[in-house]
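Attaching a predicted model along with its sequence, questions to come.
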Amino acid sequence: MWYWLVKYVFVGPILWVLGRPTIKGHENIPTEGAAILASNHQAVLDSFYLPLRSNRRITFLAKSEYFTGTGLKGAFQRWFFTAVGQVPIDRTGADAAQDALNAGLKVLNSGSLLGIYPEGTRSPDGRLYKGKTGMARLALESGVKVIPVAMVGTDKMNPIGSRMWRPAKVTIIVGEPIDFSRFEGMGGNRFVERAVTDEVMYKLMKLSGQEYVDIYAASLKNKQPTKPAETSPAAEPVVELVALPDENNADPDQAPVPDTRAS
């Protein structure tokens, strides 16, 4: 119940006014059954606008810190993320990658839609970065289709470093589902997982019009100094949702895989 109240009563109306969101390719989101919605990640608001324009509930994997806070702020965050159906993931343990995979499979096995950001973090400069293979492992193990989704304009409404939402046109472009059944039984093969990931990233590049960069966004962020955030008395908390990491946080492809279009 809280999910729909947040969507249609508490937060949704504000998002409609500020973003005037439109969606193209809505018919590509299945009306029933499980699927992975793989999106580029321009801003925190990606996680709000995609569910806003979907007739079905979408579950994202959220880092566990948002469920363990103390005080009034911690209680509000815990209520909010629980209310909108997000699944907490502990990213600090040795089995973090497997725990995230298991959580994602649980969502898909229930016949639900799972939202994932293959880049693993927000783009630091508006370009599209190399995808992590956790999404591919999920797709191969579950056998569900992957639906590429391009979010356009959310970075103008919620720029990195800002805490205030700004009016800006938001467009959501949903691509045709990608069927990876041709790789059935090949889950765990790092080259197959990289090929699957690169195919999805290629589709996202075409849908979004972003320049593709063949490095991980997180590696670039780690080299950049942190900019001070804009402040405002009415500032909204910045929220980051997690994506499935590469196993052991390692890059399995030291060289581009032949015949993959986004390598």
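Good, I have the coordinates.

going forward, measure contacts and count neighbours with C-alpha atoms only.
Will do.

in its sheet, what does the helix or strand of the chain with the lowest mean pLDDT sit against?
Taking mean pLDDT, DSSP states H and E as the measure, strand 87-89 is the helix or strand of the chain with the lowest mean score, a mean of 80. Paired neighbours of strand 87-89 in the sheet (DSSP bridges): strand 58-63 (parallel).

Quick one: mean pLDDT for the partner strand?
Averaging the model's pLDDT scores along strand 58-63 yields 86.

just the helices in this structure please.
2-5, 12-19, 46-52, 71-83, 96-109, 134-142, 154-157, 190-208, 217-221 (DSSP state H).

how about these, which one is nearest residue 126?
With Cα to Cα, the closest approach to residue 126 among the helices of the chain belongs to helix 154-157: 7.7 Å.

what about the closest one, average pLDDT?
95.

Now do it: everything it contacts.
With Cα atoms under 8 Å, 6 or more residues apart in numbering as the contact definition, helix 154-157 has outside contacts at 19, 42, 43, 45, 46, 126, 165, 166, 167, 168, 169, 170.

could those be laid out in a markdown table, adding neighbour count, distance to residue 73 and pLDDT?
Formatted as a markdown table, the contacts of helix 154-157 follow (neighbours: other Cα atoms under 10 Å; distance: Cα to Cα, whole Å; pLDDT from 0 to 100):
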| residue | neighbour count | distance to residue 73 | pLDDT |
| --- | --- | --- | --- |
| 19 | 20 | 26 | 97 |
| 42 | 26 | 25 | 94 |
| 43 | 26 | 22 | 92 |
| 45 | 22 | 20 | 90 |
| 46 | 25 | 22 | 93 |
| 126 | 17 | 30 | 95 |
| 165 | 19 | 20 | 91 |
| 166 | 15 | 23 | 93 |
| 167 | 17 | 26 | 96 |
| 168 | 17 | 28 | 97 |
| 169 | 17 | 30 | 97 |
| 170 | 23 | 29 | 98 |
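
now, which of those residues sits nearest residue 143?
Nearest to residue 143 out of the contacts of helix 154-157 is residue 46 (Cα to Cα; 25.3 Å).

That closest one contacts residue 151, correct?
Yes: contact criterion Cα atoms under 8 Å: residue 46 and residue 151 qualify, at 6.6 Å.

Tell me how many other residues crowd residue 184.
Neighbourhood size, residue 184 [other Cα atoms under 10 Å]: 12.

correction: residue 211
For residue 211, the tally of surrounding residues (other Cα under 10 Å) stands at 11.
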